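Trainee: show me how the following folds:
(one chain, ligands or ions: 1)
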Amino acid sequence: MGERFSYQVTAKDGAARTGVISTPRGEIRTPAFMPVGTAATVKAMMPESVRATGADILLGNTYHLMLRPTAERIAALGGLHKFMNWERPILTDSGGFQVMSLASLRKLTEEGVRFSSHIDGSKHMLSPERSMEIQKLLGSDIVMCFDECPALPADDATVAASMRMSMRWAQRSKDAFGDRPGHALFGIMQGGVTKDLREESATALKAIGFDGYAVGGLAVGEGQEAMFGVLDYAPGFLPEDKPRYLMGVGKPDDIVGAVERGIDMMDCVLPSRSGRTGQVWTRRGPVTIKNARHQNDPRPVDEACTCPACRNYSRAYLHHVFKADEIIASMLMTWHNLHYYQELMQGLRDAIAEGRLSAFVAEFHATRAMG
Ligand SMILES: CC#C[C@H]1NC(N)=Nc2cc3[nH]c(NC)nc3cc21
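Mentor: Below is the predicted model:
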C-alpha cells in the first residue's frame, strides 16, 4: 500500500476534468460516483457485487454508525473496511447533515450538536472533534469536516450565520484531524444559493487548506436549475488541483450537468433506493417495473446492458418478483442501477479524455428524449 493521498487531473474538456485519486487502498477514477453504504452495507448488494458494477469507492455515514453498532465497536473489530468486507477506499460523511435530516430534539451550540437518536431516542453529541474521532475509529480514507446543516427553508441571515459556524468548525475539524498520511480531510463549502456567501466560504476553506473540497448545501430541494446556477460558479472558487465533491447528487442528468461544470465526485442513494422501490434507470430514462405493461414482456430492461439483471432476466420476471416482494427484486434492480450509474461515469471519463464531452452530453439527452 502506498502511503500518500494524491490527485492528478489527466485531461480537461471545458470545465470538466478527468483524473485519478490515489490512496493507500486503491485508485479512484474521476469523475467518480460513490454508492451509499450507510449502515456498513450498500443495501441489497454484496461488496464484491458493488465492485463488479465498477465502483472504486463507497460512502459510509458517521451518524448511523455512531448510533449502531458504534464506532468503538467497529474499531475493536478491525475498522469499517474489515467489518463490511470492502478493502477499497471509503469516504465517510461527518454526521451534520444526517443529524439535521434524521435526529430529533436537536440542540445546537458553538460546541456542537446534541440530539436524540432516531433509532432509540438515546442522547448523543457531535462536534468537529467527536466527528473526527469517530471517522478515525472507522478508519475511513476520506474524512468530511463536521459542518452545520440548517433546517430548511432558511433565510439569508440564517444561511450566512450557519456557513460562518461551519467555517469555524472546519478549522476545528482540521486541528482535530491532525497529520494522517494516506488519509484525506475534505472541507465543505456552504452558502446556499448566494454567490457572495459561497465565495466567502471557499476563501475560508482555502485559507485552512484541505485535501479536497465538497460543495454542500445542494440537493436539498432547491431544484436542478438552482443547483446548476450555483455550480456555474462555485467549483471555480475551489482549487484546480484538488478533487471537488458534490454531496448527495443525483439523478443521471444531474450528474452529467455537474460533471460538465467541474465536479469530480458524487454520491446519491437514488440508484440503490429507487432499485428497491422498483424504479430501473436506463439510457432512455427510468422504467417503473411494477407497471402492468411489463408483466408479459420477455425483453430485458435494457437490451444494451451487460448487468446480471439484463443478461439473465426479463422485465416480466422483474415485474413478478417485485410485485411478490421477493428479495431478489431489490438485488437485481439495485445491481442494474449501480451498473448503469458506473457505466455513465465511465462514459463521461472517456468523453472528457477524448475531448468529446459535448457530443456525449448531446447523445445522452437525445437518447432520453426518445423515451
Ligand atoms: C447544508 C449541507 C450540507 C452537506 N453536509 C454534509 N456533511 N453532508 C451532506 C449530505 C447531503 N446529501 C444531500 N442531498 C441528498 N445534500 C447534502 C448536503 C450535505
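
Trainee: helices of the stretch 1-150 of the chain, start to end?
Mentor: 47-52, 62-67, 71-76, 80-84, 96-102, 128-138 (DSSP state H, counting those that start in this stretch).

Trainee: of all those, which one is nearest residue 204?
Mentor: In terms of C-beta to C-beta, the element of the helices of the stretch 1-150 of the chain nearest to residue 204 is helix 128-138, at 14.3 Å. For glycine as for every other residue, the C-beta is placed from the backbone atoms N, C-alpha and C.

Trainee: quick check, the residue in the stretch 251-371 of the chain closest to the ligand?
Mentor: Residue of the stretch 251-371 of the chain nearest the ligand, by C-beta to the nearest ligand atom: residue 268 (6.6 Å).

Trainee: residues in contact with that residue?
Mentor: By C-beta atoms under 8 Å, 6 or more residues apart in numbering, the contact list for residue 268 reads 33, 36, 219, 248, 249, 250.

Trainee: the third one: neighbour count?
Mentor: Residues contacting residue 219 under the criterion other C-beta atoms under 10 Å number 21.

Trainee: got a list of what the closest residue to residue 108 other than its chain neighbours touches?
Mentor: Sequence neighbours aside, residue 148 is the residue nearest to residue 108 in space, at 7.0 Å (criterion: C-beta to C-beta, 6 or more residues apart in numbering). By C-beta under 8 Å, 6+ apart, the contact list for residue 148 reads 96, 108, 113, 162, 165, 166, 169, 190.

Trainee: next up, phi/psi of the closest residue in space to the last one that isn't next to it in sequence, please.
Mentor: Nearest residue to residue 190 in three dimensions, chain neighbours excluded: residue 163, at 3.9 Å (C-beta to C-beta, 6+ apart). Backbone torsions of residue 163, given as degrees, to the nearest 10, read phi -60, psi -40.

Trainee: okay, residue 163: pLDDT?
Mentor: For residue 163, the pLDDT comes out at 98.

Trainee: burial count for it?
Mentor: 25.

Trainee: just the CA trace of the lowest-mean-pLDDT helix or strand in the chain, in PDB.
Mentor: The weakest-scoring helix or strand in the chain, judged by mean pLDDT, DSSP states H and E, is strand 104-108 (a mean of 92). Taking C-alpha atoms only, strand 104-108 is exported to PDB below (Å, rounded to 0.1, in the frame of the first residue of the first chain):
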ATOM      1  CA  SER A 104     -34.800  14.700  16.900                       C
ATOM      2  CA  LEU A 105     -34.600  17.100  19.900                       C
ATOM      3  CA  ARG A 106     -31.500  18.800  18.400                       C
ATOM      4  CA  LYS A 107     -29.700  21.400  20.500                       C
ATOM      5  CA  LEU A 108     -27.100  23.500  18.500                       C
END
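
Trainee: does that strand come close to the ligand?
Mentor: No - counting by C-beta under 6 Å from any ligand atom, the ligand is not contacted by strand 104-108; separation bottoms out at 13.1 Å.

Trainee: stretch 213-223 too?
Mentor: Yes - counting by C-beta under 6 Å from any ligand atom, the ligand is contacted by stretch 213-223 at 216, 217, 219, 220.

Trainee: residue 248 is in contact with the third one, correct?
Mentor: So that's residue 219. Yes - contact criterion C-beta atoms under 8 Å: residue 219 and residue 248 qualify, at 3.7 Å.

Trainee: contact partners for whatever residue of the stretch 201-350 of the chain ends up closest to the ligand?
Mentor: Nearest residue of the stretch 201-350 of the chain to the ligand: residue 248, at 2.2 Å (C-beta to the nearest ligand atom). Neighbour list for residue 248: 97, 218, 219, 220, 267, 268 [criterion: C-beta under 8 Å, 6+ apart].

Trainee: how about the third one, secondary structure?
Mentor: It refers to residue 219. Secondary structure, DSSP: H, G, I helix; E, B strand; the rest coil: residue 219 is coil.

Trainee: also the one 10 residues further on?
Mentor: Secondary structure state of residue 229, per three-state DSSP, is helix.

Trainee: swap in the one 10 residues further on?
Mentor: Classification of residue 239 by three-state DSSP places it in coil.

Trainee: which non-adjacent residue is nearest it?
Mentor: Closest to residue 239 by C-beta to C-beta, 6+ apart is residue 206, at 6.4 Å.

Trainee: that neighbour contacts residue 240, correct?
Mentor: No - contact criterion C-beta under 8 Å: residue 206 and residue 240 do not qualify, at 11.4 Å.

Trainee: who has more neighbours, these two?
Mentor: Neighbour totals were compared for residue 206 and residue 240, and residue 206 leads with 16 against 11 (other C-beta under 10 Å).

Trainee: any idea which element that one lies in?
Mentor: helix 195-208 (DSSP states H and E).

Trainee: give the buried residues for that helix.
Mentor: 197, 198, 199, 200, 201, 202, 204, 205, 206, 208 (16 or more other C-beta atoms under 10 Å).

Trainee: does it reach the ligand?
Mentor: No - for helix 195-208 and the ligand, the contact criterion (C-beta under 6 Å from any ligand atom) is not met; the two come no nearer than 10.9 Å.

Trainee: show me where the stretch 151-300 of the chain has helices.
Mentor: 156-177, 195-208, 224-231, 252-260, 270-276.

Trainee: relative to helix 224-231, how tilted is the second one?
Mentor: Helix 195-208 and helix 224-231 are oriented at 50 degrees to each other (axes from the mean of the first three to the mean of the last three C-alpha atoms, to 10 degrees).

Trainee: any figure for the gap between the closest residue to residue 343 other than its chain neighbours and residue 344?
Mentor: Closest residue to residue 343 apart from its sequence neighbours, by C-beta to C-beta, 6+ apart: residue 54 at 7.3 Å. Per C-beta to C-beta, to the nearest Å, residue 54 is found 10 Å from residue 344.
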